[in-house]
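Chemist: Pasting the sequence and the predicted model now:
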Amino acid sequence: MDMRVLRYFAVLADELHFGRAAARLHISQPPLSQQIRLLEEQLGTALFVRSQHRVELTEAGKTLKEQVPLIVAQFDRAIDLTRCAGRGEKGRVAVGIISSAMVAPIPRALRVFAERHPHVQWSLHEMTPAAQIDALKEKRLDVCFFRLFQDDPAIRSEVVVRETAVAALPLDHRLASREAIALGELANERFVSFGLRHSQLARFLQQCCVDARFTPRIEHEVVEVHTLLSLVREGLGVALLPASARQISTGGVSFVPLLAPELEVSLHARYRADDTSAVLGAFLDTVREVAAEYRA
């Protein structure tokens with residue numbers, strides 16, 4: 001049913017006069033009469049009683065008159081929501097994250113996106129990088145964030161924040177007050193690390209140590225960055241972490257830059273190459289915008 005015809009009906013039901021209704025609708029009277037007859041045929045009942053001098057609503061017409069404002073309002077809302085979805089202002093976005101990535105600019109980007117797109121439902125899922133990629137391919141996630149590059153033709157990847165690794169040391173450590181240290185100076189230290197089995201970052205940093213001619217003695221493997229920092233603070237080992245970890249440290253840890261060669265552990269956004277969702281596009285635009293401010 002053409003919504004335009006329902007609007008014609010509503011005006012005629014108000015005016016109860018074909019001439020005045022046609023004038024309000026800026027059309028001539030014959031097309032209005034024709035459209036009303038077609039509507040009555042579609043509904044299988046008369047909506048108006050027409051006489052030479054007056055037009056009246058039938059009981060069916062009175063019923064439809066009560067319902068038309070609701071129908072039109074619902075239709076208009078459907079159109080608005082459809083347009084919002086097309087602009088990325090409505091829908092859902094599922095975000096995968098690793099704990100060490102919950103630092104600027106990601107939390108701020110989430111807040112800005114939520115404020116700009118209040119009708120978009122978003123959810124946050126903390127997972128290992130491998131689990132994120134599986135969920136992304138299975139469409140349980142729309143975008144994920146973790147470190148290091150991973151080549152996969154089905155997945156697009158872009159750098160959100162370029163970042164290097166630093167040494168996390170307890171404050172009373174012999175190297176804690178240095179402006180920078182060589183990675184090899186940690187050769188005889190005990191390490192705490194993310195689990196090698198599940199953390200691509202941990203495996204990368206371990207290989208960097210091997211390239212510096214030592215194998216790190218890992219005393220404890222953890223999942224959460226807060227747990228790792230707590231162990232470092234208590235002197236139970238040293239760690240290699242992205243420099244942004246200092247943002248979530250509660251104190252008691254010294255973050256010392258590493259001398260060249262720098263160990264790049266940049267944060268990447270990853271999403272399906274064939275995903276053309278307007279909601280995802282709007283989310284990524286927000287992340288890029290906030291990340292640019294963060295870099296500045």
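Modeler: Ah, there it is. Predicted, not measured: the structure shown is a model, and the values here were computed from it.

Chemist: Following the chain past the biggest helix by length in the chain, name the next helix or strand.
Modeler: Counting residues, the longest helix found in the chain (DSSP state H) is helix 59-86. Going down the chain from helix 59-86, the next helix or strand is strand 91-97, by DSSP states H and E.

Chemist: Tell me the strands beside that next one, with direction?
Modeler: Next to strand 91-97 in the sheet, as set by DSSP bridges, lie strand 120-126 (parallel), strand 143-147 (parallel).

Chemist: Pick the most deeply packed of those.
Modeler: strand 143-147 (a mean of 23; mean count of other CB atoms under 10 Å). In short, each C-beta sits where N, CA and C put it, glycine included.

Chemist: JSON lines please, covering the strands paired with strand 91-97 and showing distance to residue 204 and mean pLDDT.
Modeler: As requested, the strands paired with strand 91-97 are exported to JSON lines (distance: least, CB to CB, whole Å; pLDDT from 0 to 100):
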{"stretch": "strand 120-126", "distance to residue 204": "20", "mean pLDDT": "93"}
{"stretch": "strand 143-147", "distance to residue 204": "8", "mean pLDDT": "93"}
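
Chemist: can you redo the ones you listed as CSV with distance to residue 254?
Modeler: Rendered in CSV, the data for those read as follows (distance: least, CB to CB, whole Å):
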stretch, distance to residue 254
strand 120-126, 27
strand 143-147, 22
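
Chemist: before we move on, the earlier item: now find how far off-centre the longest helix of the chain is within its chain.
Modeler: Chain-centre distance of helix 59-86: 31 Å, with CA atoms, centre = their mean, to the nearest Å.

Chemist: can you give me the angle it makes with strand 120-126?
Modeler: 40 degrees (axes from the mean of the first three to the mean of the last three CA atoms, to 10 degrees).

Chemist: Which one, of the strands paired with strand 91-97, ends up nearest to residue 63?
Modeler: Among the strands paired with strand 91-97, the nearest to residue 63 by CB to CB is strand 120-126 (36.8 Å).

Chemist: So what touches whatever helix or strand comes next after that closest one?
Modeler: Next in sequence after strand 120-126, counting helices and strands by DSSP H and E, comes helix 129-137. Under the contact criterion CB atoms under 8 Å, 6 or more residues apart in numbering, helix 129-137 has outside partners 94, 96, 98, 125, 127, 141-144, 146-148, 150, 152, 154-155, 198-201, 270-272.

Chemist: For the protein, name the helix or strand with the lowest mean pLDDT.
Modeler: Least confident helix or strand of the chain, by mean pLDDT, DSSP states H and E, is helix 59-86 with a mean of 80.

Chemist: now for that helix, which elements pack on it?
Modeler: Here helix 59-86 touches helix 3-15, helix 278-295, going by 3 or more CB pairs under 8 Å, 6 or more residues apart in numbering; DSSP states H and E.

Chemist: out of the ones you listed, which comes closest to residue 170?
Modeler: helix 278-295 (28.4 Å).

Chemist: ok, back up a step: of the contacts of helix 129-137, buried ones?
Modeler: Using 16 or more other CB atoms under 10 Å as the burial test, these include 94, 96, 98, 127, 141-144, 146-148, 155, 199-201, 270-272 as buried.

Chemist: since we're on residue 5, how many residues are nearby?
Modeler: Applying other CB atoms under 10 Å, we find 15 residues neighbouring residue 5.

Chemist: mind listing what it touches?
Modeler: Counting by CB under 8 Å, 6+ apart, residue 5 has contacts 35, 36, 38, 39.

Chemist: so which of the residues you listed is the most crowded?
Modeler: For the contacts of residue 5, neighbours tallied by other CB under 10 Å; top is residue 36, 22 neighbours.

Chemist: Which strands or helices does the helix or strand hosting that residue pack on?
Modeler: Following DSSP H and E, the helix or strand that holds residue 36 is helix 29-43. In terms of contacts (3+ CB pairs under 8 Å, 6+ apart), helix 29-43 is packed against helix 3-15, helix 18-25.

Chemist: CA atoms only for that helix, dumped as PDB, please.
Modeler: Only the C-alpha atoms of helix 29-43 are listed here, as PDB (Å, rounded to 0.1, in the frame of the first residue of the first chain):
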ATOM      1  CA  GLN A  29      -9.700  16.800  -7.200                       C
ATOM      2  CA  PRO A  30     -10.100  14.000  -9.800                       C
ATOM      3  CA  PRO A  31      -6.700  12.300  -8.800                       C
ATOM      4  CA  LEU A  32      -7.700  12.500  -5.200                       C
ATOM      5  CA  SER A  33     -11.000  10.800  -5.800                       C
ATOM      6  CA  GLN A  34      -9.300   8.100  -7.900                       C
ATOM      7  CA  GLN A  35      -6.800   7.400  -5.100                       C
ATOM      8  CA  ILE A  36      -9.400   7.100  -2.500                       C
ATOM      9  CA  ARG A  37     -11.500   4.700  -4.600                       C
ATOM     10  CA  LEU A  38      -8.400   2.600  -5.100                       C
ATOM     11  CA  LEU A  39      -7.700   2.500  -1.400                       C
ATOM     12  CA  GLU A  40     -11.300   1.400  -0.700                       C
ATOM     13  CA  GLU A  41     -10.900  -1.300  -3.300                       C
ATOM     14  CA  GLN A  42      -7.700  -2.500  -1.700                       C
ATOM     15  CA  LEU A  43      -9.400  -2.600   1.700                       C
END
